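>>> Got a predicted structure plus its sequence, pasted below:
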Amino acid sequence: MKVIAIVSLVTLLSACSATPPTVSPTNPTATGTQTLVNVLNTIAIIAVAASPIDGIPAADNALIQKAIPGLVAIAQAAKTGWVSVVDTGLNDLLPLLTPATQATLGPYFNGAQVIFGVLYSLGLS
């Protein structure tokens, strides 16, 4: 029951964040930004949901729940320079997690890296 409450809380909090930019094929920067925010929020939600299943330690989960909202806030608020800040923050987070957590969440971190590549190719930094 706690897991459902926590997942619901994380989902609600992410829904209360700033209004996302207009996402469309003609605005690839906004589309990339929103996609990245979605991936970051997914990492936080999966960490909570997978904790009892995959044994993600409480310390790892707490670290993720502290780091991800800050990275999302930076991505949504900053006009320039945010891509490299969020990229560095996410890269710095992964080695702090246990190997089991890294294995569980690694595909999501890899997905974020692909999106960073697209954002860099659009000239964002």
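Right, received. Where do you want to start?
>>> residues in contact with W82?
W82 sits next to I74, A75, L124 when contact means C-beta atoms under 8 Å, 6 or more residues apart in numbering. Bear in mind the C-beta positions are built from the backbone N, C-alpha and C, glycine included.
>>> From A59, how far off is it?
According to C-beta to C-beta, to the nearest Å, W82 stands 27 Å off from A59.
>>> picking that back up, now, of the contacts of W82, which are buried?
Buried subset of these (neighbour count, 16 or more other C-beta atoms under 10 Å): A75, L124.
>>> neighbours of G55, just the number please.
When neighbours are counted by other C-beta atoms under 10 Å, G55 registers 12.
>>> List the contacts of it.
So, once contact is read as C-beta under 8 Å, 6+ apart, G55 ends up touching A100.
>>> Also L71?
By C-beta under 8 Å, 6+ apart, L71 lies in contact with L40, V86, G89, L90.
>>> Not counting sequence-adjacent ones, nearest residue to the third one?
If you skip the residues right next to it in sequence, G89 has L71 as its closest partner in space, 5.0 Å away by C-beta to C-beta, 6 or more residues apart in numbering.
>>> Tell me which helix or strand comes right after the helix or strand hosting the one you found.
Taking DSSP states H and E as the criterion, L71 maps to helix 58-77. Reading on from helix 58-77 to the C-terminus, the next helix or strand found by DSSP H and E is helix 82-93.
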